[in-house]
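> The following block contains a protein sequence and its predicted model.
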Amino acid sequence: MGRYLGPKCRQCRREGVKLFLKGDRCNTAKCVVEKRKTVPGMHGAFAIRSRLSQYGIRLREKQKAKRIYGLLERQFRRYFERAKKTAGNTGFTLLTFLESRLDSVVYTLGFGHSRQLSRQMVSHGHIVVNGQKITIPSFHVKEGDTISLVVSDLGSEQERAIRDSVKKKKDLPQWVSIIPEKLEAKVVRNPLQKDLPSNINTQYIIEYYSR
């Protein structure tokens, strides 16, 4: 199955939580999840999430994480298998891999208002790592890397919007630092547990793939 191309809000409704697939819009009154709390589909109004089986709960958690990062099943599974083979806590390692993707970092820095837009910015060559243009969204950043935005490729209105977004960013994790004026950031260290998202139950994901 290919990448989902339908309405993003439908994915949030399916999981019953905000996945922030539309960035800041998800924090406004326009958020569909706030207006329509039912599961999408003709029988959505009668669906009750609390009746999910133990398998269903774990499946939904895996699906939620996949949708947050915009990955296909084979891509997500590959990250899990890699994390499982790495020494240390599998769940922590999995989230570290996902958060260290270049498109995730671009989103974290505020260069893109959503992960999808951030992925496009990388694919279209707007992002430079250590002086080299990188067009692979899954590129893994590491401690010491410098990430910058190529403003010459942007229109003045888009550049202004990005600068405003970066200035308003208040929840920047401590493993990255940014110089807003230069639209340049640096990976100062590897992520710690406190730097990773707390809305993903990685134990459920581990149990799903270990069944």
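Arrived safely, thanks for sending. Everything numeric in this text was worked out from a predicted model, so none of it was measured. Residues are numbered from 1 along each chain as shown.

> alpha carbons only for contacts and neighbour counts from here, please
Fine.

> how about the helices of the chain, start to end?
8-15, 32-35, 54-69, 73-84, 90-99, 102-109, 115-123, 156-168, 202-209 (DSSP state H).

> Minimum distance to residue 196: which of those has it?
For the helices of the chain, the distance to residue 196 is smallest for helix 90-99, at 6.8 Å, taking C-alpha to C-alpha.

> which residues are in contact with that closest one?
Under the contact criterion C-alpha atoms under 8 Å, 6 or more residues apart in numbering, helix 90-99 has outside partners 69, 79-80, 83-84, 86, 104-105, 140, 191, 193, 196-197, 202-203, 206.

> Residue ranges in the protein under the pLDDT threshold?
Scanning the chain for pLDDT under 70 picks out 1-6, 8-15, 18, 20, 22-27, 29-50.

> so what's residue 59 closest to, chain neighbours aside?
Spatial nearest neighbour of residue 59, excluding adjacent residues (C-alpha to C-alpha, 6 or more residues apart in numbering): residue 208 at 6.4 Å.

> for that neighbour, what are its contacts?
55, 58, 59, 62.

> Filter these down to just the buried residues.
Buried members of the contacts of residue 208, scored by 16 or more other C-alpha atoms under 10 Å, are 58, 59, 62.

> from those, which single one is nearest residue 122?
Taking C-alpha to C-alpha as the measure, residue 122 lies nearest residue 62 of these, at 25.2 Å.

> wait, isn't the closest one in contact with residue 204?
Yes: Residue 62 lies in contact with residue 204 (C-alpha atoms under 8 Å); the separation is 7.5 Å.

> Do me a favour and get the end-to-end distance for stretch 92-109?
Start-to-end span of stretch 92-109 (C-alpha to C-alpha, to the nearest Å) is 21 Å.

> about what we covered before: would you turn the helices of the chain into TSV with distance to residue 180?
As requested, the helices of the chain are exported to TSV (distance: least, C-alpha to C-alpha, whole Å):
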stretch	distance to residue 180
helix 8-15	29
helix 32-35	32
helix 54-69	25
helix 73-84	31
helix 90-99	21
helix 102-109	10
helix 115-123	17
helix 156-168	6
helix 202-209	33
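
> Now do the same contact list for the spatially most central residue of the chain.
Residue closest to the mean C-alpha point of the chain, counted by C-alpha atoms, centre = their mean, is residue 69 at 3.8 Å. Applying C-alpha under 8 Å, 6+ apart, we find residue 69 in contact with 98, 104, 115.

> do residue 80 as well
Residue 80 is in contact with 90, 94, counting by C-alpha under 8 Å, 6+ apart.

> per-domain residue ranges of this protein.
The record's domain parsing of the chain by automatic domain parsing lists 8-98+200-209, 100-191.

> quick one, which of these is packed in tightest?
Highest mean neighbour count among those (mean count of other C-alpha atoms under 10 Å): domain 100-191, with a mean of 18.

> Distance from that one to the middle of the chain?
13 Å (C-alpha atoms, centre = their mean, to the nearest Å).

> Endpoint to endpoint, that domain covers what distance?
Domain 100-191: ends 8 Å apart by C-alpha to C-alpha.

> same deal with stretch 176-187?
5 Å.

> Skipping adjacent residues, who's closest to residue 68 in space?
Closest residue in space to residue 68, ignoring its immediate chain neighbours: residue 19 at 5.6 Å, by C-alpha to C-alpha, 6+ apart.
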